[in-house]
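**Q** sequence and predicted structure, then a few things I'm wondering about:
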Amino acid sequence: MKKMKLLVASMLAACSTWAVAQQPIVIKFSHVVANDTPKGLAAEYFKKKAEDMTKGRVKVEVYANSTLYKDKEEMEALQLGAVQMLAPSLAKFGPLGVKEFEMFDLPYIFDNYDQLHKITEGPIGKSILAKLEPKGIRGLSYWDNGFKSFSANTPIKLPTDLKGKKMRIQSSKVLEAQMRALGALPQVLPFSEVYQALQTGVVDGTENPISNLYTQKMYEVQKHLALTEHGYLGYAVIVNKKFWDGLPPDVREQLEKAMLESTAFANRIAKHQNDQDLEKVKKSGKTAVYTPTAAERDAFKKALMPVHKEMAPRIGPELLQAVYADLAAPTKGNKK
Ligand code: LMR
């Protein structure tokens, strides 16, 4: 009888070991935007690729639209291991102490996606991601969104039109300096609170690529949109380093391949998504869409370029010089 009990117990133990062995590795991927945005679509693409390429050994759970965590919370959750993967905007790494990312927020630093890719796909992009390692974070890739435009409830043609306006920004000191250079009053708010803040007048205006303006319905509570394209907004896909390093090597290899394919996908669709959403905003008739003249664009540039010099000590003058040098080298073409 005793022998029988031992046999049953060892069989049960074997079963449960087998069950544990069969449990997929779960990657919780949290983000703050809608599913039908460049980041939302790329996250879903990564989920499919990762699950297919690891033959089900990995399960990716995507939590969109701040359903799991908001901006600031998601960074903390990643460091604590409560989620494994995020793709925060490059403007949200300053509070973590990695100020170099704020280089991407400088007004007019990139003329087009090709210029941007010189940095994100080159050694400078890599070196900036590496700065996350001491924070317990591994930077895997850069995903594109697009170029930001200003919106408000009054017409925006010249920098003076934003004077005294309360403008929502992401948590970047460069964006704060940018708004101050326009005489506006910057207010940091989590992305999930922007629609309501615009609706209730907590802030007067904001800046975002059109894909965010459209999918968060911000255009319903902003009467004017000026296609200033004065700065860039994109993402760093990041993982909890301990989790990533602890993965079985063959699984990690497949996930790296899935990430490469997802990055190509994200960067292929970003411009199209933004163009398509601009047409939808125009069609809605809720926002007057204005394209600044060359002279108006120049006026914005003149007002905003001093931000580069002002913020160089924060970003790192050497990094900035290296970026300028890379950007000055001839480009392949103009995709913007
Ligand atoms: C924002 O807060 O405006 C953006 O970072 C949202 C996003 O992730 O695109």
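**A** Happy to help now that I have it. Only a predicted model underlies this, so the values are computations on that prediction, with no experimental measurement involved.

**Q** near the ligand, which residues of the stretch 101-250 of the chain show up?
**A** Residues of the stretch 101-250 of the chain lying close to the ligand by C-beta under 6 Å from any ligand atom are 145, 170, 191, 208, 212. The C-beta positions use only the backbone N, C-alpha and C, and glycine is treated the same way.

**Q** what ranges do the strands span in the stretch 101-250 of the chain?
**A** In the stretch 101-250 of the chain, the strands defined using DSSP state E, counting those that start in this stretch lie at 137-152, 166-169, 185-188, 206-208, 224-240.

**Q** quick one: distance of the second one to the chain centre.
**A** It stands for strand 166-169. 18 Å (C-alpha atoms, centre = their mean, to the nearest Å).

**Q** among the strands of the stretch 101-250 of the chain, which is nearest residue 78?
**A** Closest to residue 78 of the strands of the stretch 101-250 of the chain, according to C-beta to C-beta: strand 224-240, at 5.5 Å.

**Q** and that closest one with strand 137-152, angle?
**A** Put simply, strand 224-240 runs at 170 degrees to strand 137-152, going by axes from the mean of the first three to the mean of the last three C-alpha atoms, to 10 degrees.

**Q** so what's the closest residue to the ligand within the stretch 1-150 of the chain bridging to?
**A** Using C-beta to the nearest ligand atom, the closest approach of the stretch 1-150 of the chain to the ligand is made by residue 89 at 3.1 Å. When assigned by DSSP bridges, residue 89 has beta-bridge partners residue 235.

**Q** ok, residue 196 - contacts?
**A** Residue 196 makes contact with residue 202 under the criterion C-beta atoms under 8 Å, 6 or more residues apart in numbering.

**Q** cutoff 7 Å now
**A** Not one residue lies near residue 196 by C-beta atoms under 7 Å, 6 or more residues apart in numbering.

**Q** any idea how far residue 30 is from it?
**A** In this view, residue 196 and residue 30 are 21 Å apart by C-beta to C-beta, to the nearest Å.

**Q** circling back to that earlier point, ok, so of the residues of the stretch 101-250 of the chain next to the ligand, who is nearest the ligand?
**A** Using C-beta to the nearest ligand atom, residue 191 comes nearest to the ligand of these, at 3.4 Å.
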